[in-house]
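[1] Pasting a predicted model and its sequence here:
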There are 2 protein chains.
Amino acid sequence: MKNSLAKWALLPITLLTANFANAQSTHYTPATELTLVGKIEPTQQVYHRVDTVAYPAMPQAVKRLLTNSAGLAIAFKTNSSTVSVKWCTSSSKPLVNMTAIAYEGLDLYIKKNGRWQFAGVGRPNGDCTEYTLVRNMDGSEKECLLYLPLYDEIKSLEIGVEDGATIEALPDPFQRRILLYGSSILQGASASRPGMAYPARLSRETGLNLLNMGLSGSAKMEKAVADMIAAVPVDAFVLDCVPNSSPQEIRERTAYLVNTIREHHPKAPILVIPSTVRENGAFDQEVGQRVQAQNKQIEEEVAKLLRSGVKNLYLLSYDQQLGADHEGTIDGSHPNDLGFDRMLKQLKPQILAILKKHRLLAD
Amino acid sequence: MKNSLAKWALLPITLLTANFANAQSTHYTPATELTLVGKIEPTQQVYHRVDTVAYPAMPQAVKRLLTNSAGLAIAFKTNSSTVSVKWCTSSSKPLVNMTAIAYEGLDLYIKKNGRWQFAGVGRPNGDCTEYTLVRNMDGSEKECLLYLPLYDEIKSLEIGVEDGATIEALPDPFQRRILLYGSSILQGASASRPGMAYPARLSRETGLNLLNMGLSGSAKMEKAVADMIAAVPVDAFVLDCVPNSSPQEIRERTAYLVNTIREHHPKAPILVIPSTVRENGAFDQEVGQRVQAQNKQIEEEVAKLLRSGVKNLYLLSYDQQLGADHEGTIDGSHPNDLGFDRMLKQLKPQILAILKKHRLLAD
């Protein structure tokens, strides 16, 4: 009798389980239970880059851009044969010079033979999407890194694995903390997908934790922004804000930014990147002259700061720009993946040499 | 009295002219009065690639894709300091793995020091847009090449120059006719802008007229399509249709396509490109196996055709694929501009060697 009852009692549970395994074979975990990589500082809304309520004087455009999840990624490990994601973003729509995958989609890398390798993208479909980024994998445990949208705000994010598979937080795979402050180019326009933004590529290739404070069109070194940046606890700074700043702004604001950083960080190296050539300046004489004026001005400001005694301040050189064939941009201003590759080939050795000199990276 | 009248009569004309020069300083010319480059055959709707009504047996998807303007460009010369365009496309919306500029926008090149150089893009804004692609140019006469959208249908197109500037048709700058038949990768997914599609790049670099019959997802060598392709009057064929065809379709259809081309073109070289590695096949075991099976099958079919006596048939080799860093795609399947660059670095020398051997290109 007891046995019979037990059998009956088990039957619906078995059926239920079978049904669940078929129709709902994916088990979702809130990404907040995993490891959030690339955070500049703790925030109330976890996928914002900075808690902008703490900085009321910052320009509205900067505050809005700091809600974009550029540079953030989720690190986890799983033995699932599939990786799925449910995510919601804001209602903003992709810019015409970006793919929707880069703007509001996801990008998954998996460790293979000791290096991070592209595994699949999350293709957005409206503001909320459920998508399987990779399937049919072998059942070995894998280290995963899921890059979040470059230009949109994440409202919710859950990562799905097969029922019965494990998923757990992976310790942050990146070392040190290096803050990059700059323009749309830094934020990721116009990489084809989130993991192709240049700080993300450089992080994977060096193992360094590069914090993306790319502020599309709004990296203008305002005082309130400089104060915020300078207070972030990091080991080094990269300033890539020349493209957004007029020659006058560069003249008036560079010293305050650099000196304020130096007050908070007596020894941290500060690396300054000149503006890329604007390919549309090849024929548009005004654009061409503006970039020349910006780069001349930043050279002067850095030289003045060095003369005034600021140490560990470096202006990177960037002569070959985005390639002699002039094919390195999507729109004359923003590098495509080919332009970013050429940009990194020039900048990476300079950045690594400085970081090694300061013992932030092993030889 | 006569003089006074003349003065009065001139006044409103002068005012009108001044007003026109300010508010309507751009003069538009229908693109149909200029040179249309890259046409596969004459069509009733000039921006379609093929007049599909003439081929009722072709699959519906192929017919729809042949209305996309991939590979078409407008050649003209002007001494205007600006180039503007008014254009309308269909209501279709960009795919998530493409930028709107590539999908439904425009891409302008200008001859500089003997080579085509990127000058500016047409950023789409809805289905109909008026946009100035470049401004502030010096007043010298320039040769211009305006690439049309890769994935949309052009409904109307007018090119605008400053009032008083000249604009006229430029003779087609490209030599010979080489038809490329293939998948979305050939059609241009996922180049960042129309001029970065690989046939467009190869045309500019070689001076050859490469006709783009990229048919996204639908390059499956159906009999009706093979019959249409084989009848096009060209000097050489490039077949890049392996990615869309199953191993079975490759086994069943390759011979018919090649033999039918050979009937119409007894000596034209036929170059076959294997499928690119699918980067999402690195972890997805099924995808990886499918590409291997496709490439094994095309090797067998080409070998069989060569044994059967078909001459001037070449299978290109493509071993390094899109780069050892696996960063050459937007989504695992479609090259980004970096992947296209790596693809061309491998394929271009092989293609040029064959075309030189057949005297279609000077040594």
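    Looks like it came in fine.
[2] gap between the closest residue to A:Ala197 other than its chain neighbours and B:Ile185?
    Sequence neighbours aside, A:Gly188 is the residue nearest to A:Ala197 in space, at 3.5 Å (criterion: C-beta to C-beta, 6 or more residues apart in numbering or on different chains). (C-beta placed from N, C-alpha, C; glycine too.) Shown here: A:Gly188 relative to B:Ile185, a distance of 24 Å by C-beta to C-beta, to the nearest Å.
[3] Tell me which of these two has more neighbours.
    Between A:Gly188 and B:Ile185, counting by other C-beta atoms under 10 Å in any protein chain shown, A:Gly188 is the more crowded of the two (32 against 27).
[4] tell me the contacts of that one?
    Residues near A:Gly188 by C-beta atoms under 8 Å, 6 or more residues apart in numbering or on different chains: A:Ala70, A:Ala102, A:Leu150, A:Tyr151, A:Pro194, A:Met196, A:Ala197, A:Tyr198, A:Ala200, A:Asn212, A:Gly214.
[5] phi, psi of it?
    Main-chain dihedrals, A:Gly188, degrees, to the nearest 10: phi 130, psi 0.
[6] Local confidence estimate at it?
    A:Gly188 carries a pLDDT value of 98.
[7] who touches the most centrally placed residue in chain A in this structure?
    Centroid-nearest residue in chain A: A:Gly71, 1.6 Å away (criterion: C-alpha atoms, centre = their mean). By C-beta under 8 Å, 6+ apart, A:Gly71 lies in contact with A:Gly38, A:Arg49, A:Ala197, A:Pro199, A:Ala200, A:Leu210, A:Leu211, A:Asn212, A:Met213, A:Gly214.
[8] separation between the third one and chain B?
    When C-beta to the nearest C-beta, to the nearest Å is the yardstick, A:Ala197 and chain B sit 12 Å from each other.
[9] Could you find the closest non-adjacent residue to A:Asn295?
    Per C-beta to C-beta, 6+ apart, closest to A:Asn295 is A:Pro274, 4.6 Å.
[10] Give me the pLDDT for the one you found.
    93.
[11] The one 10 residues further on now?
    With respect to pLDDT, A:Asp284 scores 91.
[12] Adding secondary structure as columns, could you present the contacts of A:Gly71 in TSV?
    Listed next are the contacts of A:Gly71 as TSV, based on DSSP: H, G, I helix; E, B strand; the rest coil:
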residue	secondary structure
A:Gly38	coil
A:Arg49	coil
A:Ala197	coil
A:Pro199	helix
A:Ala200	helix
A:Leu210	strand
A:Leu211	strand
A:Asn212	strand
A:Met213	strand
A:Gly214	strand
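[13] pLDDT, neighbour count and distance to B:Asp127 added to those, as a markdown table?
    Output for the contacts of A:Gly71, formatted as a markdown table (pLDDT from 0 to 100; neighbours: other C-beta atoms under 10 Å in any protein chain shown; distance: C-beta to C-beta, whole Å):
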| residue | pLDDT | neighbour count | distance to B:Asp127 |
| --- | --- | --- | --- |
| A:Gly38 | 98 | 25 | 38 |
| A:Arg49 | 97 | 24 | 35 |
| A:Ala197 | 98 | 28 | 31 |
| A:Pro199 | 98 | 26 | 36 |
| A:Ala200 | 98 | 26 | 34 |
| A:Leu210 | 98 | 26 | 40 |
| A:Leu211 | 98 | 25 | 40 |
| A:Asn212 | 98 | 26 | 35 |
| A:Met213 | 98 | 28 | 37 |
| A:Gly214 | 98 | 28 | 31 |
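[14] Tell me the one of the residues you listed nearest chain B?
    A:Ala200 (10.5 Å; C-beta to the nearest C-beta).
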